[in-house]
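Engineer: Build me a structure from this.
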Amino acid sequence: MPRTSAWLILTGAVLITMITITPHYSRAQLNPSLQTGFSQAIAAVHNAEAAGATPNETAPLVAMLNEALALNQEASSLPSNQTTQRNTLLSSANQFLTNVTNRANDLTSISTRGTYTNTVITYVIGIVAAVVGTFVYVFGVELYQRYRIKRTFEMKVSSK
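Structural biologist: Residues are numbered from 1 along each chain as shown. So this is what the prediction gives:
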């Protein structure tokens, strides 16, 4: 009975630890008209990273996303009587999102091409290395056989 309670306590402690360690995400309050733009831009950046873009290549895109988010927050903090300034900020944020999406799509195509080229080069190098390795192995075995035959013929027979 004491072993069961110890296991229950250990299991409970592990579960509580896992629950407290897992990250909890919160969403920023976005203007509904920009929500799809942010989603598309983030998906485009993610696709670029998945296609093989380096962090140095995606860093400017993330910075532009942060600027768009800052513009959105600034627009949401304005009083309701400043609609022209709010619309200006939201259109600027929308332009940032459009730029991020376009650049990320371009980066995706460039990275995909580069990744494909690297994959083809890797396979070709592997095939060439296998062929060269096979020839080296065959040449080495042949030299060893010649050595053994030469040594056999150079043996002297002596009686005891």
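Engineer: What about the closest residue to residue 100 other than its chain neighbours, how many residues nearby?
Structural biologist: Nearest residue to residue 100 in three dimensions, chain neighbours excluded: residue 41, at 4.3 Å (C-beta to C-beta, 6 or more residues apart in numbering). For the C-beta atoms, the positions are set from N, CA and C on the backbone; glycine is no exception. The criterion is other C-beta atoms under 10 Å. On that basis, residue 41 has 24 neighbouring residues.
Engineer: tell me the pLDDT at residue 41?
Structural biologist: According to the prediction, residue 41 has pLDDT 89.
Engineer: Hmm, it is touching residue 102, no?
Structural biologist: No. No contact is recorded between residue 41 and residue 102 when judged using C-beta atoms under 8 Å, the distance being 9.5 Å.
Engineer: one step back: which residues sit in contact with the residue nearest to residue 100?
Structural biologist: Residues touching residue 41, when contacts are defined by C-beta atoms under 8 Å, 6 or more residues apart in numbering, comprise 61, 65, 68, 97, 100-101, 104.
Engineer: go with 10 Å
Structural biologist: Taking C-beta atoms under 10 Å, 6 or more residues apart in numbering as the definition of contact, the neighbours of residue 41 are 34, 61, 64-65, 68, 96-104.
Engineer: Most widely separated two among the residues you listed?
Structural biologist: Considering C-beta to C-beta, no two members of the contacts of residue 41 lie farther apart than 34 and 103, which are separated by 17.6 Å.
Engineer: before we move on, the earlier item: now the strand or helix carrying the residue nearest to residue 100: how far from the chain's centre is it?
Structural biologist: If you go by DSSP states H and E, residue 41 is part of helix 32-51. Chain-centre distance of helix 32-51: 16 Å, with C-alpha atoms, centre = their mean, to the nearest Å.
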